[in-house]
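J.: output the structure for:
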Amino acid sequence: MTHTSVSRTDYSKIADYYDKVRPPPANTWISKIIEHGEINEDSVVLDVGCGTGRFPLSILSSKKALIYSLEPSINMLRKAAAKDRSKQVSWVRGDGQNLPFRNNIFNCIYMTMVIHHIENKKMALKEIHRTLKKGGNCVIMTTSHYRIRKHLLLCNFPGLTAIDLRRFPSLPTLKKTMTKTGFKNVHYHVVQTNEKIQTEEFLERVRNKYISTLTLLSQDKFARGLKVFERRIREKCGKYVTRPIGFDFVIGKK
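T.: All right, here's what the predicted structure looks like:
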């Protein structure tokens, strides 16, 4: 996995409406992070790229672990901290390529749909390995190139598939890099659930650019793509959009 330039989403511009257009994390995703991360009440956990805190707060509600949450966008971090009524999560501003923590302190480090935002992925994985305790688990929730090519939204907006194929590392490449970094028993598998949502609600998410890739299009390209997408989805799906949602979990142990 080489050090390549990635198209960057400016989350400072979307922090105010981020939670309104993103559905809450499915229980399936939360339970899989807990399972693969072997998270329990005695665990020290780090979320890399926590956004507005949706995942760490959901995990905390299931497991009263000690959770640190790292996020580079101060606006997203403020949103996260404001939702933390328990004040039990440590919210830290920082970069996944240079973790502001000492060696060997975490039992689990996870990231959810973040790896494609990181420019130097190899460095980020080295930092995760450095700060994990021996026997600790790295859990990366991402998506495969196969799923990118089949994505309902990406396929209908010209240029989006190509953008995400550049941003997301392939699963074999990610596995190989983790193994070279020192992780053991690296493996990956898909976890899938189904979503049924009113078509107009789904289109409202799209209009508000609920996936980061949409923010990388020019406003003109987005408007033209949206017009076509709205027509196609209404014709194809009718009142409801029913679709499988799958993510790939890549897991390694220090």
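J.: hey, let's count contacts and neighbours off CA atoms from now on
T.: Will do.
J.: let me know the helix or strand that residue 197 is in.
T.: In the assignment (DSSP states H and E), residue 197 maps to strand 184-198.
J.: ok, that strand: who's next to it in the sheet?
T.: Paired strands of strand 184-198, with direction, are strand 240-253 (antiparallel) (DSSP bridges).
J.: put the alpha carbons of the strand it pairs with into PDB.
T.: Only the C-alpha atoms of strand 240-253 are listed here, as PDB (Å, rounded to 0.1, in the frame of the first residue of the first chain):
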ATOM      1  CA  TYR A 240     -39.700   2.200  -0.900                       C
ATOM      2  CA  VAL A 241     -36.000   1.600  -1.500                       C
ATOM      3  CA  THR A 242     -35.000  -1.900  -0.300                       C
ATOM      4  CA  ARG A 243     -31.300  -2.700  -0.400                       C
ATOM      5  CA  PRO A 244     -28.600  -4.800   1.200                       C
ATOM      6  CA  ILE A 245     -26.000  -2.900   3.100                       C
ATOM      7  CA  GLY A 246     -22.700  -4.700   3.500                       C
ATOM      8  CA  PHE A 247     -19.400  -3.700   5.100                       C
ATOM      9  CA  ASP A 248     -16.100  -5.600   5.300                       C
ATOM     10  CA  PHE A 249     -14.400  -6.100   8.600                       C
ATOM     11  CA  VAL A 250     -10.600  -6.500   8.400                       C
ATOM     12  CA  ILE A 251      -9.200  -7.800  11.700                       C
ATOM     13  CA  GLY A 252      -5.700  -8.300  12.900                       C
ATOM     14  CA  LYS A 253      -4.000  -9.100  16.300                       C
END
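J.: for it, which outside residues touch it?
T.: For strand 240-253, the external contacting residues (C-alpha atoms under 8 Å, 6 or more residues apart in numbering) are 36, 135-144, 147, 171, 175, 178, 183-199, 202, 233.
J.: pLDDT value on the residue nearest to residue 84 when sequence neighbours are not counted, please?
T.: Excluding the flanking residues, the one nearest residue 84 by C-alpha to C-alpha, 6 or more residues apart in numbering is residue 57, at 7.2 Å. Residue 57 is assigned a pLDDT of 95 by the prediction.
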